[in-house]
Structure formats: C-alpha cells, structure tokens
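*Asks:* Please find the sequence and the predicted model below.
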There are 2 protein chains.
Amino acid sequence: MAVVQKHLGSSQQAYEVLKRRILSMELLPCAPLGEQKLAGELGISRTPIREALMRLASEGLVELVPNRGGMVAPIRLDFVSAAQFVRESLETAIAHEASQKIDAIGELSLRQTIEEQKLANREGAVELFYQSDERMHRRISEIAGRPLVWQHIVDAKSQMDRARRLNLQGAPSFDALISQHERIINALVAKDADEITQAMHEHLRQILPDMKALQESNPEYFAVND
Amino acid sequence: MAVVQKHLGSSQQAYEVLKRRILSMELLPCAPLGEQKLAGELGISRTPIREALMRLASEGLVELVPNRGGMVAPIRLDFVSAAQFVRESLETAIAHEASQKIDAIGELSLRQTIEEQKLANREGAVELFYQSDERMHRRISEIAGRPLVWQHIVDAKSQMDRARRLNLQGAPSFDALISQHERIINALVAKDADEITQAMHEHLRQILPDMKALQESNPEYFAVND
DNA sequence: GATTGTATACATGCATGCAATAATGCACAG
DNA sequence: CTGTGCATTATTGCATGCATGTATACAATC
C-alpha cells in the first residue's frame, strides 16, 4: 500500500534496501541473511533489520527458519505460476476497463513509452527498458482508473520479477516485447475486447515457457519442487 | 492473557491474535493501538507487538503514524473497491478453470457447503454461515488447481471482510446469498462460460451497493474520502 | 477571552543484554 | 576409518533501557 512518510526510519530504509537488492538479483536466491551481518553492513542495529526481514518474509521474498535465521527465498515455480495467473487476470480486466476510458492524452502517453522502449532496445539499455515496460503497464492501470489495483499486481509480480530479470539479461533483444506492447495499445485504442484479451494473453504468458529453461540453466536459484 | 504455545514465537502469536480481532471487528476501526498497552494485555514485551503492528500495517489493516503509534485502519471505500475488483477478476478466472476440471467429487463437496449454509441460515448462525461461505469459495480455487491464488484473494479480501461482517450482522437472512451460490455451482457443473461470469458478477458485486448505506449508518468506521 | 509559548508527560524508534536453541567441531569408541 | 556423543559456539527471539519526537496542559501575553 502506498505509504507516504516524511522522515524515513531505519526500519523502513532497511526494508527498501533489502527489497531492492533482492528484486534486482544483487542478493541472489538462497543467499544467507544474517541479522548481525546485515546490521553491520547497513550501520544499524539488529532490531530494524529483524522487522525488515519479517516484512519481506510475509511477501515471500525471504524465508525465515526459526532460530536459524533467514535467506533470500529461492524461486518457486508454483509461486511464479500463481503470480502469473494473478497478473494476467488482473491486467486483462484492467485493460478492458482502460479501453472504455482511454482518450487521446492517454494514448499519447502509452505511445511515448513505446518510443522509450525502442530507444532502450537500440542502445541495449536493459535497465531502462525494464523501467519503461513497468511504466507502460502501470499507466494502463491509471487510465482504467484502477491505480490501487496496480499495487496488488506489483505485490504478486515480485516473485516473477527475479526470474524475469534473469531472462532479460540473457536475451537482450526486446523486439518481440515491443511489438506485443504495440499490439496491446492498438487493441485498447480500437476497443476490441477479444483482441485485448488475446494480446494480453500473448504478452503475459510468454514468461512461463522460459521458466523451465531458466531453472535448468540456474538450478541453484530454484527451490526443489514439493 | 494469551496462552503462549512453546514452539510458536510471540511475534507470530501477536500477529495472529491482532489480525483475528481486527477482521472480526472485535477491535473496531480507528481504535487506538498502543504498544505498551497491547504488550501488557498479551503478556509479552513491546518488540513482538511492534513487529506484528508493522506486518499488519503493510497489509493495510493498521495505520501507523511515525512517533505517534498505530490505530486499526479505518475502512476506505477506494480500498474496498479495489479489493472487490481484484476478487471478482481472480475468482471469475478461477471459476472458468474450475469448470474445466470439476468432477463428481468436487461437485459433491460444493453441494455440501450449500447444505451447511442452509442449515446455518435456518438457525441464524451468522458465524457458521460466514465460515461455510469462505470454505465454498476456497474449494472452487482448489478444484481449479489454483490454491496459491486463493492466498492472493484472501489478502485482497481482508479490507472487504470487515465491511462484510458489519453487513451480515445487520441482515441475518442469507437466502439471496445461498441462491447465488447455487447458481454459481450449477454454472460450473454446466461448464457454461457466460453464465459463470454472470453468476460471479451478480454474487461478488453485491457488496458495493451496500457500502454506501453502511458508511452512512456507521460513519465512525470509515475514513474521510481523499 | 483568545492565542501563543513553554514545560511536562508520554509514546515511539532503536540499541543492547540475556536466555534459549540449533549448528559445528572434536574426542572417543567401535 | 567411520559413526556417535558431548561441549562449544554462534545466532536468533525477546525484554528492556535510553534518546527522540509529539501531544497536552498551563501560563503568560495581547
């Protein structure tokens, strides 16, 4: 949930730093997270670290074993699959609402993100592409008048994001993604309900087939299947 | 005083107790939540209370003001609306999958929940009805093979649940809800995609119209609209 | 009488101490 | 050489102390 606060406490700061490092794969899955060590690195005491770790554990990004401490949660295929289902369901429903409300200004802002992505693609700027991609999807939620629903998507998405980042690093050509984005925007503008569903489906479901290959190339990041 | 189980941490206990009390409206919206007061009531120290409050705050059930402490989050109409959207989108998508996979055993278990609800209705057992309702929806997720997605629904739903509980207390006749449930189950068994969508729509969207009346009869539980 | 400045009281936010628990290393027996 | 039992060690989980920041009450002033 969107929390606005003026002065950032150490606890909040630790939470944000750790979450960013986990999602960016700077802290790799299964990396140990000792309270003492983290407290030393961040220059604060164990208490705010503990609070941050517990929040991250409730989001599924950290696994805590009682009396044994924590580690960055390994990627679980079944969690990723559930997150994908949530994302596709919500974003498809949002897209249908957005198509009913989109105006010229909304369309322009979406077309602009496409230009950003083409630029990032030409220059091989993975991080910029990633951010613009995110911005486009969020913008659609805003156009639909569902900004709060976007937060739910972000929460669900966090499991997928790490796998996605691995994937993007490997294949630095975003042509396919860009044309999928264009298809989505065109469908929105055309208010073509079936085409919206198909376009979102094609775009968001692409992650799943890559997952198996990803697990084989980086098995150390994945949990054993239960 | 809470009975502390040996193998469960105090922090987890505090979280569960507070969450249950908030969702059941035993702790009313806008009730103050002082750390030491709660620590005294639960017979533990402030640290695990703090951890519980922060987790609940990240779920939107508690509002924390820096240096001022916390209170039970007031019900926000825009949050409820977002939660309703999430729930309807996900449960409808789940229902479509469930209709492809349901077998005689699954149907039987759903019909059984209907019987539970009719019984609870006859006896005016609000709590039992509530639990059986929950069980039926969760069962559909299991039939669809999406038990993990149900967790996302539960998370989103928590905002709605308090309002819903207020509502159920006021109108202790569940005839309409039961017939809606029957319509959903029949649509699942018939594998009628349009009817599934319509039935879920009718059932899950019923909450929204009641919200306005609820806010007028209990304004003290709601946040002022931003 | 209303308003503002100040002092007090109180709650939070973080650091640290202490007990309990699980992992680790080592000795010793088989 | 290997497996088991014990002592050691390191880490978590919780309690508590101290500092910071806010609200409140009261008094002084306009």
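*Replies:* Sure thing, it's come through. Numbering: from 1, shown residues only, chains lettered A, B, ... in the order given.
*Asks:* What parts of chain A come near chain B?
*Replies:* Applying the criterion CB under 8 Å from any CB of the partner chain, the portion of chain A that neighbours chain B consists of A:1, A:3, A:5-7, A:9, A:11, A:47, A:50-51, A:54-55, A:58-59, A:66, A:78-79, A:81-82, A:85-86, A:88-90, A:92-93, A:146, A:148-149, A:151-152, A:155-156. From N, CA and C alone the C-beta is placed, and that goes for glycine too.
*Asks:* where's the residue nearest to residue A:88 when sequence neighbours are not counted relative to residue A:156, distance?
*Replies:* Of all residues not flanking residue A:88 in the chain, residue A:204 sits nearest, at 4.5 Å (CB to CB, 6 or more residues apart in numbering or on different chains). Applying CB to CB, to the nearest Å, one obtains 12 Å for the distance of residue A:204 from residue A:156.
*Asks:* For the two, list the residues in contact with both.
*Replies:* Both residue A:204 and residue A:156 are in contact with residue A:87, where contact means CB atoms under 8 Å, 6 or more residues apart in numbering or on different chains.
*Asks:* which of those two has more neighbours?
*Replies:* Remark: of residue A:204 and residue A:156, residue A:156 carries more neighbours, 26 against 20, as counted by other CB atoms under 10 Å in any protein chain shown.
*Asks:* Next, the angle from the helix or strand harbouring the more buried one to helix B:147-170.
*Replies:* Per DSSP states H and E: residue A:156 is located in helix A:147-170. Angle of helix A:147-170 versus helix B:147-170, following axes from the mean of the first three to the mean of the last three CA atoms, to 10 degrees, is 170 degrees.
*Asks:* Which elements pack onto helix A:147-170?
*Replies:* For helix A:147-170, the helices and strands in contact under the criterion 3 or more CB pairs under 8 Å, 6 or more residues apart in numbering or on different chains; DSSP states H and E are helix A:10-23, helix A:77-101, helix A:126-143, helix A:207-217, helix B:77-101, helix B:147-170.
*Asks:* Stretch A:133-152: how far from the chain's middle?
*Replies:* 13 Å (CA atoms, centre = their mean, to the nearest Å).
*Asks:* hang on, I meant stretch A:217-226
*Replies:* Relative to where its chain is centred, stretch A:217-226 has its mean C-alpha point 19 Å off (CA atoms, centre = their mean).
*Asks:* Which of the three states applies to the residue of chain A most remote from its centre?
*Replies:* Distance to the chain centre peaks in chain A at residue A:67, reaching 30.6 Å (criterion: CA atoms, centre = their mean). Of the three states, residue A:67 takes coil under DSSP: H, G, I helix; E, B strand; the rest coil.
*Asks:* Take the helices and strands packed on helix A:147-170 and write them to JSON lines, including distance to residue B:199.
*Replies:* Putting these into JSON lines (distance: least, CB to CB, whole Å) gives the following:
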{"stretch": "helix A:10-23", "distance to residue B:199": "38"}
{"stretch": "helix A:77-101", "distance to residue B:199": "17"}
{"stretch": "helix A:126-143", "distance to residue B:199": "27"}
{"stretch": "helix A:207-217", "distance to residue B:199": "29"}
{"stretch": "helix B:77-101", "distance to residue B:199": "8"}
{"stretch": "helix B:147-170", "distance to residue B:199": "17"}
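*Asks:* These: lowest mean pLDDT?
*Replies:* For the helices and strands packed on helix A:147-170, the bottom mean pLDDT is recorded on helix A:207-217, which sits at a mean of 88.
*Asks:* That helix versus helix A:147-170: what angle between them?
*Replies:* Here helix A:207-217 runs at an angle of 40 degrees relative to helix A:147-170 (the same axes, to 10 degrees).
*Asks:* Buried residues, helix A:207-217. List them.
*Replies:* By neighbour count, and taking 16 or more other CB atoms under 10 Å in any protein chain shown as the criterion, the buried residues in helix A:207-217 are A:207, A:208, A:211, A:214, A:215.
*Asks:* separation between the fourth one and residue A:77?
*Replies:* If I follow you right, that is residue A:214. The span separating residue A:214 from residue A:77 equals 10 Å under the rule CB to CB.
*Asks:* circling back: quick one: closest of the helices and strands packed on helix A:147-170 to DNA strand D.
*Replies:* For those, distance to DNA strand D was read as CB to the nearest atom of the strand. The smallest value, 11.9 Å, belongs to helix A:10-23.
*Asks:* what's the neighbour count on residue A:220?
*Replies:* Around residue A:220 sit 8 other residues, with neighbours defined as other CB under 10 Å.
*Asks:* Please apply the same query to residue A:71.
*Replies:* By the criterion of other CB under 10 Å, residue A:71 has 18 neighbours.
*Asks:* what's the host helix or strand of it packed up against?
*Replies:* Using DSSP H and E, residue A:71 maps to strand A:69-72. Using 3+ CB pairs under 8 Å, 6+ apart as the contact test, the elements touching strand A:69-72 are strand A:32-33, strand A:62-65.
*Asks:* one more time with 10 Å
*Replies:* In terms of contacts (3 or more CB pairs under 10 Å, 6 or more residues apart in numbering or on different chains; DSSP states H and E), strand A:69-72 is packed against helix A:10-23, strand A:32-33, helix A:35-42, helix A:46-58, strand A:62-65.
*Asks:* Alpha carbons of the fourth one, as CSV, please.
*Replies:* Written as CSV, here are the backbone C-alpha positions of helix A:46-58 (Å, rounded to 0.1, in the frame of the first residue of the first chain):
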residue,chain,number,x,y,z
ARG,A,46,19.5,-5.8,14.6
THR,A,47,16.0,-4.7,15.6
PRO,A,48,15.1,-2.8,12.4
ILE,A,49,16.8,-5.5,10.3
ARG,A,50,14.6,-8.0,12.0
GLU,A,51,11.5,-6.0,11.2
ALA,A,52,12.5,-5.7,7.6
LEU,A,53,13.2,-9.4,7.2
MET,A,54,9.8,-10.3,8.7
ARG,A,55,8.0,-8.0,6.3
LEU,A,56,9.9,-9.5,3.4
ALA,A,57,9.2,-12.9,4.6
SER,A,58,5.4,-12.2,4.6
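*Asks:* Just want the angle from it to helix A:147-170.
*Replies:* Per the same axes, to 10 degrees, the angle that helix A:46-58 makes with helix A:147-170 is 90 degrees.
*Asks:* Wondering if helix A:46-58 reaches DNA strand D at all.
*Replies:* Yes. Counting by CB under 7 Å from any atom of the strand, contacts between helix A:46-58 and DNA strand D involve A:46, A:47, A:50.
*Asks:* My read is that the last one contacts residue A:34, right?
*Replies:* No. Distance between residue A:50 and residue A:34: 11.4 Å, which falls outside the contact criterion (CB atoms under 10 Å).
*Asks:* any shared contact partners between the two?
*Replies:* Residues touching both residue A:50 and residue A:34 by CB atoms under 10 Å, 6 or more residues apart in numbering or on different chains: residue A:70.
*Asks:* and these two? which has more neighbours close in?
*Replies:* Set side by side, residue A:50 and residue A:34 give different neighbour counts by other CB under 10 Å, the larger being at residue A:50 (21 against 14).
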